[in-house]
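# Would you be able to build a 3D model of this:
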Amino acid sequence: MEDESVHRHDISDKFWSKLEPLLPGRKGSWGGQAKDNRRFINAVFWILRTGAPWRDLPASYGGWKNTHRRFCRWRDKGIWEKLMEQLIGERELEWIMIDAS
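Residues are numbered from 1 along each chain as shown. Take a look at the predicted model:
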């Protein structure tokens, strides 16, 4: 049986190592520490990639309501925009820029 916590299109360890230091809620940053930043990012990318409604988010990514709420908080705080600005020069991450346009 396949491990449902790992999906074929989840972000790689290499990509995560570049992304993690840029995210709020990481260890050593101001404020609370998020225990599931990677799962959250994977959930958002799943929604963006599939175009599915939030209610269809697979349970292995967490509850859709909390994920959507957190997505909106990050949007309202400009976190997504800042991430895109910081990652725009990464050629291996072009797929994100294309999906985000």
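
# I'd guessed Gly25 sits against Arg38; true?
No. The criterion here is C-beta atoms under 8 Å, and Gly25 misses it with Arg38 at 10.9 Å. Quick note: C-beta positions are derived from backbone N, CA and C, even for glycine.

# Quick one: distance of the one helix or strand Leu19 maps to to the chain centre.
With secondary structure defined by DSSP states H and E, Leu19 is part of helix 13-19. What separates the centre of helix 13-19 from the centre of its chain is 11 Å, taken as C-alpha atoms, centre = their mean, to the nearest Å.

# May I have it as PDB, with CA atoms only?
Taking C-alpha atoms only, helix 13-19 is exported to PDB below (Å, rounded to 0.1, in the frame of the first residue of the first chain):
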ATOM      1  CA  ASP A  13      13.900  17.800  -0.700                       C
ATOM      2  CA  LYS A  14      16.200  20.000  -2.900                       C
ATOM      3  CA  PHE A  15      13.400  22.500  -3.500                       C
ATOM      4  CA  TRP A  16      12.300  22.400   0.100                       C
ATOM      5  CA  SER A  17      15.800  23.200   1.200                       C
ATOM      6  CA  LYS A  18      15.600  26.500  -0.800                       C
ATOM      7  CA  LEU A  19      12.100  27.300   0.100                       C
END
